[in-house]
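Novice: next comes the sequence, and after it the predicted model I'd like to discuss.
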Amino acid sequence: MIEFPWLSWLVFFPLAGAVLLAFMPADADRLIRRWALTVAIAEVAFSLPLWWRLEPVRPGWQFAERHEWLPGLGASYHLGIDGISMLLVLLTTVLTAVAVLGAFSAVEKRGREFYALLLALETGMLGTFLSLDLLLFYVFWEAMLIPMYLLIGVWGGPRRVYAAVKFFLYTMAGSVLMLVAILWLYFHHRAATGVASFDLDALYALPLPGAMQGWLFLAFAFAFAIKVPMFPFHTWLPDAHVEAPTAGSVILAAVLLKMGTYGFLRFAIPLFPIASAHYTPWIVALALIGIIYGALVAMVQPDLKKLVAYSSVSHLGFCMLGLYAMNPQGFAGAMLQMLNHGVSTGALFLLVGVIYERRHSRLITEFGGLWKPLPVYASVFLVVMLSSIGLPGTNGFVSEFLILLGAFRTQPVWAVIAASGVILSAVYMLWMFQRVMFGPVTHAENENLKDLSLRERLVFAPLLILIFWMGVMPQPFLDRVQPALDRTLELAAQRAELGRRLAEFPAPAGPAATAAAAAVGPPGSRP
Amino acid sequence: MIPLPWLLLLSAVVFAIGVVGVLVRRNALVIFMSIELMLNAANLAFVAFASAMESLDGQIIVFFVMTVAAAEVAVGLAIIVNLFRLRETVFVDEINLLKG
Amino acid sequence: MIPVLFVALAAILVVSSLLVILHRNPVTSALFLVLAFCSLAGIYLLLRAEFIGMVQVIVYAGAIMVLFLFVIMYLNLGHDVEGGVAIAVRRGVGWVLGAVLVVEGALLLGRGWATGPVTPGGATPPGGNTQAIGLLLYSRYLFPFEITSMVLLVAMVGAIVIARGRGPSAPAPPAPAPPAGAPAPAPEERA
Amino acid sequence: MTGLWIIPALPLAAVALNLLLGDRLGRRGVAWLACGSVGLAFAVAVRAVFNLAQLPADQRVLTETVATWMRVGDFTADFGFLLDPLSAVMALVVTGVGFLIHVYSTGYMGHDASYRRFFLYLNLFMFAMLTLVLADNFLLLFVGWEGVGLCSYLLIGFWYQRPAAAEAGKKAFVVNRIGDFGFLLGMFTLFAFGGTLNFERLFAAAPHVFPYAGPVITFAALALFVGATGKSAQIPLYVWLPDAMEGPTPVSALIHAATMVTAGVYMVARCHVLFQLAPVALETVAVIGAATALFAATIGLAQNDIKRVLAYSTVSQLGYMFMACGVGAFGAGIFHLMTHAFFKALLFLGAGSVIHALSDEQDLRRMGGLAWRLPWTHATMLIATLAIAGIPPFAGFFSKDEILAGAFASGHRGVWLAGVVGAVITAFYMFRLYILCFRGPSRLSHEAEHHLHESPPSMIAPLVALAGLAIAGGWIGLPMQPGGHLLERWLAPVFEGGAGAAARPALARGTEIALMVISVAAGLIGILVAFRVYLDRPTTATALATRFAGLRRLLEHKYWIDEVYDAAIVRPFAALAGWFWRFWDEKIVDGTVNGVATTFEGVSAVLRLFQTGFVGTYALFFTIGVAALLLHFLRH
Amino acid sequence: MIPMPDLLPVDGWALGAGVALAVGAMLLLLLEFFPVRAGSSRGAIVSLLTLAVAGAAVFHVRDARRLLFGGMFVHDGFTVFFTLLFCAIAAVAVMLSWDYIKRTRINQAEYYALLLSATLGMVIMAASNDLITIFLGLELMSLALYVLVGFRRGQLESNEAALKYFLLGAFASGFLLYGIAMLYGATGTTGLDAMAAFLAGSPLTRNPLFIAGALLLLTGFGFKVAAVPFHMWTPDAYEGAPTSVTAFMSAGAKAAGFAALLRVVLKVLAAAHTDWAPLLTWIAILTMTVGNVTALLQTNLKRMLAYSSIAHAGYVLVAVVAGGTDGASAALFYLAVYSFMNLGAFGIVCLLGKGPDERVLLGDLAGLGFRHPMLGLAMTVFMLSLGGIPPTAGFMGKLYVFSVALKAGLVPLVIVGVLNSVVSIFYYLRVTIAMYMEEPRGEPVAIAWGAPAALALVVTLGLTLWWGIAAHGLLGLAQRSVLGLL
């Protein structure tokens, strides 16, 4: 009996929806919106059973599909899922549906193309999270840039082109070096085993001596660090966020940034544990700088979106810190932080979008006293903001607490520094909230703003539910993800051990290794 | 017999003169003539080698080269004539509509 | 005897070549080029390449150069006006580069070189040079020979296409480019 | 099942109902829902405490684990509740006082447009506070801890249209967060070394895990205390509390006097095992407490806003509680916490009643002579003032005396002296407040005079109830009973486990009496001076003020601490942030990124220059290329 | 007297492509005796048929291995691959020319005859096993292209382009020929097999004659493939030429240049690979970098694509540097991929041309993406493919090239290569920016959609996408095609 290719269906269903969308008449706005929403919600429905059907404790990939893709190269179409990717997949599908619904009134022109791209983007994101073949992963990783680039560039703000190009080029600059590293890894694998394969399992099984891991890790880390984004590779983010349309910002913050951290978790750390450990001080230092720096810079932003963007830098700094704590609490915290940041920052961007639609401004100074005309909006904003600053009872707390706890156990100083970010996050968020929501209404045009419509309430409802659910009952999430995280830690430890042993008793290096070693140096330098 | 190095040197000098001609002249026709000089220098080299190696292949190659040269001349001169018709100049340093 | 002749011919070749590129008048240049080709033909003869020598005279000095002269006359070109800093610079650079090329070539060859294998008597076949070449042309060199025919055909067609008189598609020379808003071609032509 | 979870769940349910039903409830419905849930919670708490009391003294612990919150690796946190004598006291105080204040609020907020929102917040606060006191582990306590902070933020900024209120709310939250930073670090240390955050397990393990006076436990205790200073407004994090008076007065009474601000004290008392293992930390608590008690009292001398005086007095009284904890008299601290809850809530509610009567006038300089025009308010306020001044038989006397005795007994003479001086000053400024408000000639504005009225019964009733407690609440601590007084015995199972408990020396009866006399005398001196200065010879006040103009300005401006903080911390950070953004982020980091692009464009422009369009140039480069290639081979 | 070898039937098929192309070209000229009306498509149809026959003939004997004309013509996988590629390129070019040359009023039989002749020249270059025939094939192709570039002879730009291309091409031919002379002198032969055999038997790879000869040969091929610093004609010639010709030569001439270069490098220089690798490495680096960086600021689409084609030559050179069968197959793969995506891109430029000079500026694309969604989509795909973004063929091409380079240990070269592809993305994105992110100016341009051009775009688009997703077919073909080469 042939298993239903559930994951492939998940990955490509939105793309099919997007293609169908492209054939609809351009002016049939209602039809287009409904169809896009239907596809997005259907996708949620398709992905939701993973929550129950996945057996977290079972080792290995589940619902795996594997087909030859490029037999000549040893690349395969290999999809699979474990607890880690399952949660990210659900995050992606839910947030995409939310973003689609949230975009209904924001997108005034070229709606057909907009939703088609949004759905295509979903395919790219899901593919990235589900790929277990490095080449396939890379293909999705890069391909996903295109729809996002267009979303920013076409439907964005006044400097959208600059932002879109910067986003594209920056990400690409990071990832091409990763491609080189992937290829290098591939050849090393071939030299060592005689089998050509980009398969993650195969590469997991390949021990790498520590010396070799260094630059491979750096290449991977560079790509992921840009995506995360870690200080000082973050400057594309505020630009992209400020210019992107709301739905784009939501997806960008909620899902795309997670690809960086996911990359660390799935690839950089388990594949190169020795180098990873070696560079831990640097990465942690950057993460800590990111936490403090992002918060401080967020504090002085006049633009709401930019503020949220910089807060992402800070939050993702926590994520990285958790990962590099390299213990169960840190990992679990980082994993939850990915989801939480997705939910709360996604919601924040939606909120900013709501007000932008009404006032066509995002400048804090343009607002003030909004609580009075918009009580529901303000309340929702309040809850989301509290989640963002990690108030206990909301999701943000659980993850930040676990991250800090994990970091503390590894190196107390890290936690001390990072915890000061907790203070700063309260400062910038509350100050912003105060200036926007409190005080007298300073601008006459804000007096009569409309409060959240039913559709908008529906947009926020799932996010609010998630905020509290994950804050109060994170255990279902933890139960699903922890076995996978533990296995990752274990794998990293094993591979580190193997790598060290390899360095002590060096096996004869493969031909590629020697050739590559000989070739390092300027090409003209050889006689 | 003429020593091969002498011939090669001669060929090289003529080739270089042709190259210099291309570089220093602005008249498209003279440039073209210089190119012909280069081709002839190559021909000389072919014949010289053929003679030194007592082989006929070089000479036959020269025959083909001459044919090609003739063909080039036909096309090239046509282009130059057309150029002159369009612009009333054959000076290549007056022709830079396309640049950058 | 032969070396003396060679030196003389070589001197003529070099000097006339130099004059080709030095002389201001294109007609004079062309005539010196004819001289250069003829001296080259002499050298070919010295090298016992009779056929090639003859062809050199007929094809090069004859046909090709006539074409050149014809065009030069047709275009009625006077002396080239060559002055100004840019040209002087270019000329300087050109000569230096030419010298560099020669020096480099000489240095490279000065390292000791070798030719390919010598096939004794290969160049003096029975029946003479011309017959041997003829035989080779239609046997071993049949393929390039056929290609040559295509080359000539293309050159012919090409020359006609480019140089023929004002056809339907050639606007009056040196007509300025039509204004940007020129009417689109007639619909039937756009098919 | 002990049903402990029901206690916090009741107000939470009210919150949920309030949210769900929305405006359909109507004002009465809101009021009933809010008060009813808290009243019910009080009832359940009483029943639970009753159940607890049934148990033998050494087994008086009720626990209940509702669910596992999170479990990661060896880390576990539960939704677990703990009722022991300590949390019983707290639960009763919180629900009891809370209930009264809820009732009071129905009257006080009667005309506010956001009536429903107010009770929503208030109920949410009750939930958080009860979670805090009933939590059986640090993490859940922290939930309540931050939860009350949130509610405090929301309620201070309740009248959000006032910029000052919004500002004060934010300030409260942020300063509290600084404290929470310490609390978090404390938790991490405890878990990292103690392996659990559950109170019972951690405290049981603590003596074995943490060496006495070792650096780890000292750090952990100090870090926790940083949290306490934030929540309970101690030096150096007290600055938010006076500003918090921007909130509605019932809020000030409930949160910023009776309950939330005492959370720090409760936490220190809860962790007495840990603090007793860290003498340095304990000493710090005592010193900070004493310093705050004295310091805040001096500021209270020169404030003219009725609520601000009370706020500083709260800070000061909280200092006393920490002083008690710091000297090892945890029971006394809790005792004072309780009595303080009564009389300070009463003071605030009374002040609220005054403010209500005067149409939102808060400036003492525009009051006076209200004694007979607001008789109920006056009477209850007087009781509370006497209580805080430490005059027997009012509640404050007993608890304060016990603290001072504890300080003296443990050998902290300096702390004791500070306490006594503080008591004098407290009595003085409290009576200054009383006199300026209720006695002497009326300085009311015409407007206020016109609308003057005694508060409605819904406000008076809680005043009376609290007045009763302010009188009688201290009697459970009647001193000089064998084996400690009632409360001491009740709390004994909690506090006697600690390492320092046994070390507490008993005082001779004579000393005890002497101390008591000194304490009462201190109060009386303060009162008398106040009467003399402000009532008998009103000119003295102005004379003194002009004489010590510098001192007065210093006190009026609260030692310029806010300004110092602003200049030393807030502004530098803001400047740093601006510099980070404008210079570092935009110029350096982003400048580099854009610089790369600009460089490429520049190179591109240069390369385009080579493409001159002239055949000669192209041939030249061609030839140069050939020459270069030849050169390459010449070199090798 | 050298006896003619007996021709087998298979040889007829093998030579069929060349014969068909020559006959087709002549037939086109002869048919002019029977005039047709101005808008006739007879030339195009005949050309397509010729190309189909040529392709079919070679395809029919695709697995045969034959050495003909005394070893001057070789029929092997390499030849088959390139012959088919050239026929396909020419066919696409014909379809693109179909309406284009009618619009620009150059619809003459000579156009297609020359196009077929140029294709014949390319086929000869790829199939030649002798430097002389390579030279002749190159000249055949070049002469035809010189004329085609200048085909709009009333047009200043077209003529200027032809002149520059011609003068520089002849100049380069001089170097090439001189190089052949040196090689002939060093080895006594021009046949590649004989040369390789001679070199294998003697330690002569350091023979200055040989070195100088090979170097000048490289120069000549470098000119054809537009490698830096022999690239400078490219933008001018591409810009001035009729766009359909630009499309054809950017794909075909480059591929032909590489075909010849590959055969020579793999057969003759393989033994001395280590001597040549550094040189080629630097040329590759320069070619990629100069091409991409100069393209950054271009506003004329054709010119931009011209610089991009220079850069792409650099990528293929990376494969050449890697050497061996791997490198060769990567080069083949990349050339095939590049040809189609580039044809597609130029094809769209063909459609967009307007005004007398057929100039297409980036600004002219404004709003195109939404006015003509399919055209915009196709252009986007081509641009992304040229930039090497998955899931397009361009990505697979770069992936394969860089992977073989990495396998050969050329880490720095690969890093330069991938960074270059990042730089290139910038100007490819500019096209999408113009199409989607700029408000259109002026009247919407009506685009004359001819069915042939549409078909050409569909084919190129389809291949660009298909090879981006399922490249294994082409990959296997490229790998098999180079097997007999060494």
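Specialist: Nice, thanks for sending it over. Numbers count the residues shown, from 1 in each chain, chains lettered A, B, ... in the order given.
Novice: what residues are up against the spatially closest residue to D:G390 that is not a sequence neighbour?
Specialist: Using C-beta to C-beta, 6 or more residues apart in numbering or on different chains and skipping the chain neighbours, the partner closest in space to D:G390 is D:G523 (4.1 Å). In this view, the C-beta of every residue, glycine as well, is placed from N, C-alpha and C. Applying C-beta atoms under 8 Å, 6 or more residues apart in numbering or on different chains, we find D:G523 in contact with D:389-391, D:397, D:423-424, D:426-427.
Novice: what about E:M26, how many residues nearby?
Specialist: 16 (other C-beta atoms under 10 Å in any protein chain shown).
Novice: same question, E:F33
Specialist: 6.
Novice: quick one, phi psi at it?
Specialist: In terms of degrees, to the nearest 10, the main-chain angles of E:F33 are phi -70, psi -20.
Novice: do the one 3 residues further on as well
Specialist: The phi and psi torsions at E:V36 (degrees, to the nearest 10) take the values phi -130, psi 170.
Novice: check for me that E:S158 belongs to a helix.
Specialist: Yes: assignment of E:S158 by DSSP: H, G, I helix; E, B strand; the rest coil places it within a helix.
Novice: tell me how far it lies from chain B.
Specialist: Note on E:S158: its distance to chain B, by C-beta to the nearest C-beta, to the nearest Å, is 9 Å.
Novice: can you check C:L152 too?
Specialist: The value you get for C:L152 to chain B, if C-beta to the nearest C-beta is used, is 6 Å.
Novice: how about that residue, secondary structure?
Specialist: Secondary structure, three-state DSSP: C:L152 is helix.
Novice: give me the number of residues near the spatially closest residue to it that is not a sequence neighbour?
Specialist: Nearest residue to C:L152 in three dimensions, chain neighbours excluded: B:A71, at 5.5 Å (C-beta to C-beta, 6+ apart). Residue crowding around B:A71 was assessed by other C-beta under 10 Å; the count is 24.
Novice: quick one: contacts for B:A71?
Specialist: C:151-152, C:154-155, E:139, E:143.
Novice: try A:A164
Specialist: With C-beta under 8 Å, 6+ apart, A:A164 has these contacts: A:149-150, A:152-153, A:156, A:240, A:243, E:429, E:433, E:437.
Novice: that one: which element?
Specialist: In this assignment (DSSP states H and E), A:A164 forms part of helix A:160-193.
Novice: now the element after that helix, going C-ward?
Specialist: Next element after helix A:160-193 (DSSP H and E): helix A:200-204.
Novice: is that next one positioned near chain E?
Specialist: No: with C-beta under 8 Å from any C-beta of the partner chain as the criterion, chain E is not reached by helix A:200-204; the gap is at least 15.1 Å.
Novice: which helices and strands sit right next to the next helix or strand after that helix?
Specialist: Proceeding N to C from helix A:200-204, the next assigned helix or strand is helix A:210-227, under DSSP H and E. Identification of packing neighbours for helix A:210-227 by 3 or more C-beta pairs under 8 Å, 6 or more residues apart in numbering or on different chains; DSSP states H and E yields helix A:160-193, helix A:257-263, helix A:269-271, helix A:273-278, helix A:280-299, helix A:475-504.
Novice: mean confidence for the second one?
Specialist: This means helix A:257-263. Within the predicted structure, the mean pLDDT of helix A:257-263 is 93.
Novice: give the other helices and strands that it contacts.
Specialist: helix A:83-102, helix A:111-130, helix A:210-227, helix A:304-325, helix A:328-359.
Novice: got the CA positions of it in CSV?
Specialist: C-alpha atoms of helix A:257-263 as CSV (Å, rounded to 0.1, in the frame of the first residue of the first chain):
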residue,chain,number,x,y,z
LEU,A,257,13.3,34.5,10.7
LYS,A,258,12.7,31.1,12.2
MET,A,259,14.4,29.6,9.3
GLY,A,260,17.7,31.0,10.6
THR,A,261,17.2,29.5,14.0
TYR,A,262,15.8,26.3,12.5
GLY,A,263,18.9,26.1,10.4
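Novice: give me the nearest residue to residue 158, chain neighbours excluded.
Specialist: I'll assume chain A. Using C-beta to C-beta, 6+ apart, the closest residue to A:P158 is A:E243 (7.6 Å).
Novice: look at chain E instead
Specialist: E:R152 (3.9 Å).
Novice: neighbouring contacts of stretch D:49-62?
Specialist: Taking C-beta under 8 Å, 6+ apart as the rule, stretch D:49-62 contacts D:2, D:4, D:48, D:82-85, D:88, D:91-92, D:200, D:489, D:492-493.
Novice: mind showing which ranges of chain C have poor pLDDT?
Specialist: C:82-83, C:121-127, C:165-191 (pLDDT under 70).
Novice: and the residue of it closest to chain E?
Specialist: Residue nearest to chain E within chain C (C-beta to the nearest C-beta): C:G116, separated by 2.3 Å.
Novice: just say helix, strand or coil for that residue.
Specialist: Per three-state DSSP, C:G116 ends up coil.
Novice: secondary structure class for D:Y212?
Specialist: Here D:Y212 is coil, with the state taken from three-state DSSP.
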